Structures are given as C-alpha cells and as structure tokens.
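Trainee: give me the fold of what follows.
(one chain, ligands or ions: 1)
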Amino acid sequence: MLRLITIPISHYCEKARWALDRAQLPYREEGHVQVIHRVVARRAGGGSTVPVLVADDGQVISESADILDWVDRRLEPGTRLFEGEDAGAARALCARLDERLGPTGRRLIYVHVFARGKAMLDYNNQGVPRWEDRALRAMWPLAQRAVSRLLDIRPGVEVQDEAAVRAEFDNVAALLADGRPYLFGERFGGADLTFAALAAPVIAPIDYGVRLPRPDEIGAATAGLVQRFREHPAGAFAVRMVAEHRRAPALAATA
Ligand SMILES: N[C@@H](CCC(=O)N[C@@H](CS)C(=O)NCC(=O)O)C(=O)O
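Mentor: Numbering: from 1, shown residues only. The predicted structure follows:
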C-alpha cells in the first residue's frame, strides 16, 4: 500500500491526493500537524516538506510535482496529466504556480485564520493523531509564533500576498480568455489540477481532502477574500475544475 505523508489541510498535499485519487491508486494517508510533519517526513526519507509519497518498492517522492509525474507513469497514454504537444507549457505553468501561488496563497490564509485564534485548529487538525491535536492546542501561542517566523509573517504582508495571488489568477485568466475549456488541450490535465488545488486557500472549495470552513464560518474579512477570488474568472474556473474533476477517475490506470 502506498503511504502519503501529509499535513492534511495543505494544498500541496491536496494536489498529490487528487492525482492519486484520479488514478485510483489506493494509498494510506498519514496526516500530521505542522512541525511534527518534519520529523515524520524525514524519517520516511523525504525532506522537510510534505507531501511525501512512499511507494511499494521503497521509492520516496518528496515534491508534489514529482508525485504527479510518478502517478502519470502508472496511467495509460490518453489519460495522463501531462501529455501531448502542450505538456512542456503545462509543466512550466505548474512550476510557476508551485513557486508563486502556493506560498503566497498559504501565507495569506494563515494571516486570515491566525486573526481568529485557535478556531482554525478544528479544520487544521483533521486526520492527525489525537496526541498531536492535543499538543498543538496546548502549545498554540508558541506554534503560532513558530509558523509566523517560518513563513515570515509580518504586518501588512497579506496585502502584498493578496496582490501576488491575484497576479497568478490574472495570468491563468489570460490563458482562459479565448474560451478554452481547460488550460491546455481539450481535456483535464496537470495544470488544471495544480491550479485548482493551489487556489484552495482562497476559494475554499466544497470538495477537498478534509472539510474546509464555509465562508459564513470564517468571519467577514476572510469570507470577503474568498468571495473576491471565487468571482475572479480564474477562481470560477478552479471552482468548476473541483466540481467536475475532483472525484472523476482517469479513464484507465495500470497497477
Ligand atoms: N515544493 C514543495 C512544497 C511543499 C510545501 O511547501 N509543503 C508545505 C505544506 S503546505 C510544508 O510542508 N510546509 C511546512 C514546512 O516547510 O515546514 C512541493 O510541491 O511538494
């Protein structure tokens, strides 16, 4: 059985889950809270970030983009996330989204949820061992400071991050402006999956690996943020990708 080590709420982990689910490859998710995840990821042979996929043959894949490629190698041609003449362009967009949208969207939502105190832990701690849930709650002020330091959260950073996220949404919307149904080609692919997964912090999709708060559960400022991004043409596209493809299997997968 494949092992997927995650921080369950992480959007990079959602990216990996989505690819595995789509390929119908059974896996066991091992969710951990922030900081503990480092110990577990390293012990499994990965680095300091999750997702980490441990394959049946012991191979360890510790970048979400590499997990998508690993999954693709187990899919039949015609059902892969990256193939055809646009594969290079799709990979380039994914690399850009991994580098820009992923970190800025994450920091933006952390600033928003930190403003609401411990409430976020009800969502953050889903799928983690009970002792980790308890420990994170007990050490909350310390943990919040540690994450803030790690992410370089400082006054006003959310303004800069919202602009950076918007720039990535604008870039995606520019590609979609000609009316194409998907970012590249005529069917769902790796760029669509990557964008929709990494947009999750600001669109709060209704279908995700763990339950995310509804806009009415997160306070007016965050609800406004989510609404702005859901209404953006790229946000509406991400919402559609989740609705139409989050639970849709690839047509055929090999073992
Ligand atoms: N480039 C990595 C980034 C993954 C990443 O940043 N994961 C976050 C979770 S959202 C993480 O592990 N952060 C905790 C840390 O860096 O300690 C990938 O695509 O897998």
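Trainee: what residues does the residue in the stretch 51-200 of the chain that the ligand sits nearest to make contact with?
Mentor: For the stretch 51-200 of the chain and the ligand, the shortest gap (C-beta to the nearest ligand atom) falls at S64, measuring 3.5 Å. Just so you know, the C-beta spots here come from the backbone N, C-alpha and C atoms, and that holds for glycine as well. Going by C-beta atoms under 8 Å, 6 or more residues apart in numbering, S64 touches Y12, C13, K15, A16, P51, D98.
Trainee: give me that answer again for 10 Å
Mentor: Taking C-beta atoms under 10 Å, 6 or more residues apart in numbering, we find S64 in contact with 10-17, 19, 49-53, 94, 98, 102, 194, 197-198.
Trainee: what are the phi and psi values at it?
Mentor: Backbone torsions for S64, taken as degrees, to the nearest 10, come to phi -60, psi -40.
Trainee: could you do V52 as well?
Mentor: With angles defined as degrees, to the nearest 10, V52 sits at phi -130, psi 130.
Trainee: which residues does it contact?
Mentor: V52 touches 3-6, 13, 16, 30, 37, 40-46, 60-64, 67, counting by C-beta under 10 Å, 6+ apart.
Trainee: same question for A90.
Mentor: Counting by C-beta under 10 Å, 6+ apart, A90 makes contact with 81-84, 182-185, 189-192, 194.
Trainee: out of the contacts of S64, which end up buried?
Mentor: 10-17, 19, 49-53, 94, 98, 102, 194, 197-198 (16 or more other C-beta atoms under 10 Å).
Trainee: toward the C-terminus, what is the element adjacent to the longest helix along the chain?
Mentor: Looking across the chain with DSSP state H, the single longest helix is helix 157-176. Using DSSP states H and E, the helix or strand that follows helix 157-176 in sequence is helix 190-198.
Trainee: ok now that following helix, how far from the chain's centre?
Mentor: From the chain centre to the centre of helix 190-198 is a distance of 8 Å (C-alpha atoms, centre = their mean, to the nearest Å).
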